[in-house]
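**Q** Attaching a predicted model along with its sequence, questions to come.
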Amino acid sequence: MGNLGDQRSNDANGGRSVTSDLSDETPQSDVEDYSATLDIEAQMLCSLLWTPTGRVASVMKDLTPEDFYQPVHAALFEVIAGLIAAGEPHSGAYVLMTLQRDGRTSGHIGKQMVTTLTQLMTIGVPSGALEHYAAAVLTQAYRRGFRTAAKSLAEAAESLPEDQLYEHMCSIGRERRAASQRLQAIRERRAP
């Protein structure tokens, strides 16, 4: 897929929202070895694109763009979610038409979105697996949040004044507890 440009940083769900250059975080070999067929986010999006509208409600309620690590996946999810919320089709062709209509297919990011959408359409993930893939995306976001929290605490230990350290740690704890409660509630709702 090539250099993904801007990445997002931590939020309450373990997603990413502050920009940074991917090349600073990921060795080039990891980018070159990328395969959408092994990317759980890509598999979930493929399944979503092929799932009939009537069967996507719970996933759309559970996931947010911030749950995605790859910014291009978050952006495509946001477009798909908007189409579903508006009662419009959300097939790959209709998503592409929407990107074109909105002027979002030009430049590096636009080309990246079109290329990724094309890859998503050809992975071949069954629509019946959508709930499982959505749960896996949530689990990855949850775990990613702990890595980000640990990094934030280490940076705080080096840079924050002493009188702010405890509150910083507590705010991260509250954020992680909220993420845990969200994940648990989703799992309980999906349990047979």
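**A** Nice, thanks for sending it over. All values derive from a computational prediction rather than experimental measurement.
**Q** Spatially central residue for the chain, please.
**A** Against the mean C-alpha coordinate of the chain, by Cα atoms, centre = their mean, the closest residue is residue 68 at 1.0 Å.
**Q** Surely that residue and residue 137 touch.
**A** Yes - when contacts are counted by Cβ atoms under 8 Å, residue 68 is listed as touching residue 137 (6.9 Å). For the C-beta atoms, the positions are set from N, CA and C on the backbone; glycine is no exception.
**Q** For those two, list the residues in contact with both.
**A** Both residue 68 and residue 137 are in contact with residue 41, where contact means Cβ atoms under 8 Å, 6 or more residues apart in numbering.
**Q** which residues does residue 156 contact?
**A** By Cβ under 8 Å, 6+ apart, the neighbours of residue 156 are 164-165, 168-169.
**Q** if we go to 7 Å?
**A** The contact partners of residue 156, by Cβ atoms under 7 Å, 6 or more residues apart in numbering, come to 165, 168.
**Q** Return the distance of residue 108 relative to residue 65.
**A** Residue 108 sits 19 Å away from residue 65, going by Cβ to Cβ, to the nearest Å.
**Q** Who are the packing partners of the helix or strand that contains residue 46?
**A** With elements taken from DSSP states H and E, the one containing residue 46 is helix 40-50. If you count contacts as 3 or more Cβ pairs under 7 Å, 6 or more residues apart in numbering; DSSP states H and E, helix 40-50 packs onto helix 71-85, helix 107-122, helix 130-159.
**Q** just how off-centre is it within its chain?
**A** Distance of helix 40-50 from the chain centroid (Cα atoms, centre = their mean, to the nearest Å) equals 11 Å.
**Q** for stretch 135-155, same thing?
**A** The answer for stretch 135-155 is 13 Å, by Cα atoms, centre = their mean.
**Q** Counting neighbours, show which residues of it come out buried.
**A** For stretch 135-155, the neighbour count (16 or more other Cβ atoms under 10 Å) marks 135, 137-142, 144-145, 148-149, 152 as buried.
**Q** one step back: looking at residue 108 and residue 65, which one has more neighbours?
**A** residue 65 (20 against 10; other Cβ atoms under 10 Å).
**Q** tell me the contacts of the more buried one?
**A** Taking Cβ under 7 Å, 6+ apart as the criterion, residue 65 is in contact with 74, 77-78.
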